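**Student:** here's my sequence, what's the structure:
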Amino acid sequence: MIISGAVVAASGVYLGAKAFGLLPSQHRARKKGKSLVIAPKAEEKSLSVVEGDEEHDEEVKALNHYLTVSSGVLAVSLGTLVVFPAAHIIAIPPLLYTLVPMFMDAYDGLKEKKLKPSLVDSIAVCGALTLGLVNNLNPFFFMAGAAGVFLYFLSAKLVLKTKDQSIKNLSNLFGEQSRFAWVLQDGVEIEVPFDEVKVGDIVIVSAGEMIPVDGSIASGIGSVDQRMLTGESQPVEKGVGESVFAATTLLSGHLQITVEKAGADAVAAQIGEIWSRTADYKTGIETKGEQLSNKSVIPTLGASSLALVTLGPIGATAILLSNFSDAIQLSAPLSTLNFLHLAAKSGILIKDGRALEGLRDVDTVVFDKTGTLTLDEPHVGAIHLSANWSEDELLSFAAATEVKQSHPVAKAIVKAAKQRNLELQPLNEASYEVGYGIKAQVDNRWVRVGSNRFMTSEGIEIPEHIQQQLTEGHTLGYTLIMVAIDDELGGAITLQPTIRPEAKAMIEGLKARDLSLCIISGDHELPTKALANELGIEQYFAETLPEDKATLIAQLQDEGRKVCFIGDGINDTIALKQANVSISLSGAASAATDTAQIIMMDGSLNYLNHVFDLSNEYDNNLRNSYHSVLGGSLLCVGGVFFFHFGIFSALSLQALTLMSSVGNAFLPLLKGADAKPTLTPVEHMTDAEFESGGEHVVSTSKTRNIT
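**Tutor:** Residues are numbered from 1 along each chain as shown. Down below sits the predicted model:
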């Protein structure tokens, strides 16, 4: 008997140290007055920012407290049993103290018309204590009760650690925007808190800054990156009277914007509100371990009732103390945590363990286009000449003019010049002008780089063959950057979207799994179609609004499909939430990374197939643990009925079953399943290479004069 008790205690203490000491908690506290252990559905608040250290919330503190007390009670019970059995009564008061939250959780379940595992544990511990009292304070029964309480809190601790950490009002949208805005007051730009910006104010935005409001341009011209909001792959030129939107970025120029909408009324915020209303949110989904343990309650109570009638209270209590739910609630979270560890070692952050479960059932993978299948930075394609300049000369002039800029178009041009080993002439700083395009003196020549609209405003004539290339490029989703030298157009540089270097191999891997693939994009029809054809993806949807992306995914789900959506923009958040499993990339819009259950921390799709591999391994591991625990529980029940197992014989068998399932949970780590797949290296130029001539610095002073 002592040996069996020691086995239970030793395995419990080992698991307790593993869960309690090494794995930080990541979950919110419940409201006061509720039972401890299993967190309820988190209340959703659109666009809230979660503050504070969740590891120190009230629920975690309370659970740690009860786990510490229960482990101490078990240690005292075991120690007094071996050394001085009569002294075990000192452990009874703290044991009764630890029963309170267990009873409360069981009572809450009954009020909700649910039979929870805590009900089985409560009856089991009460049965053990009662048997101890009627058997002259027999210390063995009290030790059995202490073991039951400890296992209850230990399993609760592990369940809490594997709860979805993103159930915390995930929208961190305004982390994507400035907390302050520059407002024009009496001819001076004043930095004011974002929530004090009012409709009708004039907000000033300089190149490189994020636009904080929805409004119309009162003065100035510039190039705006709307990719995160609309999915458009190329910057959009904006002038007086045209609309701009919050959470977009001004790449070049200087704008005075009349505020029309700010804060929660802005377009980006409206997307967040739709996001928070999307159906089928993940907070209602139980983990597989919880499902299995909850389903075991009725059979366990039934078997115990039958044993009570046929064998008496000892047999009934033995079945209750060795119930299925505690073992599966210990092994399943451990398996989840170990696979999360394996994923993290491969640079994959899985915020919600249920995403690993869900990936096993996914049959359709849907990609956002811009920023997901393509890189943020385009690349230089064809160079069209219209004067007596060579391609290298034209590219050299353009790169020298753009070298001080940090937006993707400038980086692509400078990178192309570097790849050709072109020498860039220095700029004449005094003549540097930025608007729809850039005008500067390079090598004693006036160079203009920008759009056809910019050239027209500068009085530069665009030849017919360049106009034709401009039209053809637009239909294909290409951008043509005009380059004029002095007063004559020297030619045009074609910028094309850059497909991720790992995309084709990744797509082939997904196809080998017999997964259906689809692209949903806010970009135009032709570039979306061209990308789909390039990657061999048969189905695509173009010019799709953010809310329509979620609708399309819902339609796929209505057809019986399990959908994984991969996106990176603010405009993807609704679709990310609607999908059965959501994936984003590190460096994406914060609204997307907050929403997604899985984040590829290297900012690429290199490990996407590896995630699916981990999901399959995880599913197999859970099945093995389940079969181990179920087999042990059935043997225990059979032993009670046919071989008249007592409480400690049943506990000994249950301890062996528990160690077997826990060993299986750690098996992936022992087998070295965390080996990274072989990848093709992707080279990136450094910021210094892109910006060797210096970079734009945004003012951080409280006031600034208009220039």
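**Student:** so which strand or helix has Asn136?
**Tutor:** For Asn136, there is no enclosing helix or strand under DSSP states H and E.
**Student:** heads up, I number from 2, so please use that
**Tutor:** Okay, using 2 as the starting number, the last item reads as Asn137.
**Student:** could you dump the longest strand anywhere in the chain to PDB, C-alpha only?
**Tutor:** Selection of the longest strand in the chain by residue count, based on DSSP state E, yields strand 250-262. Coordinates of each C-alpha in strand 250-262 appear next as PDB, following Å, rounded to 0.1, in the frame of the first residue of the first chain:
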ATOM      1  CA  THR A 250       1.100  54.800 -44.500                       C
ATOM      2  CA  LEU A 251       2.300  57.900 -46.400                       C
ATOM      3  CA  LEU A 252       5.300  56.800 -48.300                       C
ATOM      4  CA  SER A 253       6.200  60.100 -49.800                       C
ATOM      5  CA  GLY A 254       4.900  63.700 -49.800                       C
ATOM      6  CA  HIS A 255       3.400  65.900 -47.100                       C
ATOM      7  CA  LEU A 256      -0.300  66.000 -46.400                       C
ATOM      8  CA  GLN A 257      -2.800  68.200 -44.500                       C
ATOM      9  CA  ILE A 258      -5.900  66.100 -43.900                       C
ATOM     10  CA  THR A 259      -9.300  67.300 -42.900                       C
ATOM     11  CA  VAL A 260     -10.600  64.800 -40.300                       C
ATOM     12  CA  GLU A 261     -13.900  63.100 -41.200                       C
ATOM     13  CA  LYS A 262     -13.700  60.100 -39.000                       C
END
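**Student:** now do that strand: distance to the chain's middle.
**Tutor:** Relative to the chain's own centre, strand 250-262 is displaced by 30 Å; criterion: CA atoms, centre = their mean, to the nearest Å.
**Student:** go on, stretch 597-616?
**Tutor:** A distance of 11 Å separates the C-alpha centroid of stretch 597-616 from that of its chain, computed with CA atoms, centre = their mean.
**Student:** go on, stretch 648-663?
**Tutor:** Computed by CA atoms, centre = their mean, the chain-centroid distance of stretch 648-663 equals 37 Å.
**Student:** ok, now stretch 181-200?
**Tutor:** Averaging C-alpha coordinates over stretch 181-200 and over its chain gives two centres that are 33 Å apart (CA atoms, centre = their mean).
**Student:** and that stretch, what's buried?
**Tutor:** Taking 16 or more other CB atoms under 10 Å as the neighbour-count basis, stretch 181-200 is seen to contain the buried residues Phe181, Ala182, Trp183, Val184, Leu185, Glu190, Glu192, Val193, Phe195, Val198. For glycine as for every other residue, the C-beta is placed from the backbone atoms N, C-alpha and C.
**Student:** surely the fifth one is in a strand?
**Tutor:** Right, the one you point to is Leu185. Yes: secondary structure assignment (DSSP: H, G, I helix; E, B strand; the rest coil) places Leu185 inside a strand.
**Student:** for the nearest residue to it once chain neighbours are set aside, give its distance to Gln186.
**Tutor:** If the residues on either side of it in the chain are set aside, Leu185 comes closest to Ile203, at 4.1 Å by CB to CB, 6 or more residues apart in numbering. Look at Ile203 and Gln186: by CB to CB, to the nearest Å, they are 8 Å apart.
**Student:** try Thr402
**Tutor:** When CB to CB is applied, the distance between Thr402 and Gln186 equals 35 Å.
**Student:** if we can go back for a sec, pLDDT of the longest strand of the chain, averaged?
**Tutor:** Mean pLDDT, computed over strand 250-262, is 85.
**Student:** again, but for stretch 645-659
**Tutor:** pLDDT averaged over stretch 645-659 equals 82, rounded to a whole number.
**Student:** quick revisit: reformat the buried residues of stretch 181-200 into TSV and put distance to Glu539 and pLDDT next to each item.
**Tutor:** Compiled in TSV, the buried residues of stretch 181-200 are given as follows (distance: CB to CB, whole Å; pLDDT from 0 to 100):
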residue	distance to Glu539	pLDDT
Phe181	47	77
Ala182	45	83
Trp183	48	89
Val184	50	91
Leu185	52	90
Glu190	52	85
Glu192	51	85
Val193	51	85
Phe195	44	76
Val198	46	85
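**Student:** can I get these in CSV including distance to Ser391?
**Tutor:** Rendered in CSV, the data for those read as follows (distance: CB to CB, whole Å):
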residue, distance to Ser391
Phe181, 47
Ala182, 46
Trp183, 43
Val184, 48
Leu185, 46
Glu190, 44
Glu192, 47
Val193, 51
Phe195, 49
Val198, 50
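**Student:** so of the residues you listed, which ones are in strands?
**Tutor:** Among these, the members falling in strands (DSSP E) are Phe181, Ala182, Trp183, Val184, Leu185, Glu190, Glu192, Val193.
**Student:** farthest-separated two in those residues?
**Tutor:** In those, two members sit farther apart than any others by CB to CB. They are Phe181 and Leu185, at 14.1 Å.
**Student:** so Arg446 bridges to which residues?
**Tutor:** For Arg446, the beta-bridge partners under DSSP bridges are Val443.
**Student:** from the buried residues of stretch 181-200, pick the one nearest Ile90.
**Tutor:** Taking CB to CB as the measure, Ile90 sits nearest to Phe195 out of these, at 62.8 Å.
**Student:** that closest one reaches Pro213, doesn't it?
**Tutor:** Yes: under the criterion of CB atoms under 8 Å, Phe195 makes contact with Pro213 at 6.0 Å.
**Student:** follow-up on the earlier one: from the contact counts, what lies against the longest strand of the chain?
**Tutor:** Counting by 3 or more CB pairs under 8 Å, 6 or more residues apart in numbering; DSSP states H and E, the packing neighbours recorded for strand 250-262 are strand 203-207, strand 215-220, strand 223-226, strand 244-245, strand 428-435.
**Student:** and if we set it to 7 Å?
**Tutor:** For strand 250-262, the contact count by 3 or more CB pairs under 7 Å, 6 or more residues apart in numbering; DSSP states H and E identifies strand 203-207, strand 215-220, strand 223-226 as packing neighbours.
**Student:** can you show me the helices along the stretch 302-451 of the chain?
**Tutor:** For the stretch 302-451 of the chain, the helices identified by DSSP state H, counting those that start in this stretch occupy 314-322, 325-346, 354-360, 392-403, 409-420, in order along the chain.
**Student:** lovely, talk soon.
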